[in-house]
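>>> sequence and predicted model, in that order:
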Amino acid sequence: MGFMSRSASMMRYRIKGEIEGPFWDTVDEGVRKGAFRATIAPGDEVGLGWTSMEDFTDSEFPGASYVRTRYVALSLRIDTARVPPRILEMHLKTETRRLMEETGKQRLSSGQRRELKEQLKESLKRQAFPSIQVHDVIWDTANGVVYFASLGAKARERFEDHFKKSFGLTLVPLLAYMRAEELLDGHSDKQILEKLKSTSLVP
């Protein structure tokens, strides 16, 4: 679910690093550099990048449409295409038999079989309908905080990596303990915080 839904799960981050050069020009360059595009790289991922929060098919951002006063509002779109194992196995067996008949060999080497499997996987991947995930992103540029509408480990990993590639900034997860450290002013309070121990609420 995105931030426009009635409810949403989210992860907060503190930004580590500074934008070099004119701030909004650099942000615009990063958004466009990291805009969604299809890829033909090996693996399940067939597309990744920033899109409009209102329309995940829009990655043009006319008039810097991602700007909301001091906020940057985007979505991270991740397209993946996975070939079902049984389908891949079926095609691998068929193609293996064909190659053995053509070459007169009794069996393929492990290297030939591995290479054939990868070739078939990439070919079948291009015929599959991708799975599309869209995760909303809000960047509070005034306070250096970023909100990401997902708690999934894989989605977070991709988001953190793509944000760093786009803007040259590192995202540090703003966990509850870290946030408490920021909010506590007095030294004595911080000492109390350090003495806290985790408690299991499961009977």
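Received the coordinates, thanks.

>>> which residues sit in contact with F3?
When contacts are counted by Cβ atoms under 8 Å, 6 or more residues apart in numbering, F3 touches 10, 53, 136, 138, 147, 149. The C-beta positions use only the backbone N, C-alpha and C, and glycine is treated the same way.

>>> correct me if wrong: T26 contacts I19.
Yes: the pair T26 / I19 is scored as a contact, 4.9 Å apart, by Cβ atoms under 8 Å.

>>> shared neighbours of the two, which are they?
Common neighbours of T26 and I19 (Cβ under 8 Å, 6+ apart) are F167.

>>> rewinding a little: just the ones in strands from the contacts of F3, please.
Within these, residues falling in strands by DSSP state E are 136, 138, 147.

>>> low-confidence ranges in this structure?
Applying pLDDT under 70 to the chain flags the ranges 1, 175-203.

>>> contacting residues around the residue nearest in space to the middle of it?
When Cα atoms, centre = their mean is applied to the chain, the residue found nearest the centroid is R158 (2.9 Å). By Cβ under 8 Å, 6+ apart, the contact set of R158 is 48, 76, 78.

>>> flag every buried residue along the helix or strand hosting it.
Element membership for R158, per DSSP states H and E: helix 153-167. Buried residues in helix 153-167, counting neighbours by 16 or more other Cβ atoms under 10 Å, are found at 155-156, 158-160, 162-163, 166-167.

>>> in PDB, could you pull the C-alpha coordinates for it?
These are the backbone C-alpha positions of helix 153-167, laid out as PDB (Å, rounded to 0.1, in the frame of the first residue of the first chain):
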ATOM      1  CA  ALA A 153      13.800  -6.500   3.400                       C
ATOM      2  CA  LYS A 154      14.300  -7.000  -0.400                       C
ATOM      3  CA  ALA A 155      12.400  -3.900  -1.300                       C
ATOM      4  CA  ARG A 156      14.300  -1.900   1.200                       C
ATOM      5  CA  GLU A 157      17.600  -3.100   0.000                       C
ATOM      6  CA  ARG A 158      16.800  -2.200  -3.600                       C
ATOM      7  CA  PHE A 159      15.400   1.200  -2.500                       C
ATOM      8  CA  GLU A 160      18.500   2.100  -0.400                       C
ATOM      9  CA  ASP A 161      20.800   1.100  -3.200                       C
ATOM     10  CA  HIS A 162      18.900   3.000  -5.900                       C
ATOM     11  CA  PHE A 163      18.600   6.100  -3.700                       C
ATOM     12  CA  LYS A 164      22.400   6.100  -3.300                       C
ATOM     13  CA  LYS A 165      23.000   5.600  -7.000                       C
ATOM     14  CA  SER A 166      20.600   8.400  -7.900                       C
ATOM     15  CA  PHE A 167      21.500  11.100  -5.400                       C
END
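
>>> buried sites along whatever helix or strand comes next after it?
From helix 153-167 onward toward the C-terminus, using DSSP H and E, the following helix or strand is strand 170-173. Buried residues in strand 170-173, counted by 16+ other Cβ under 10 Å: L171.
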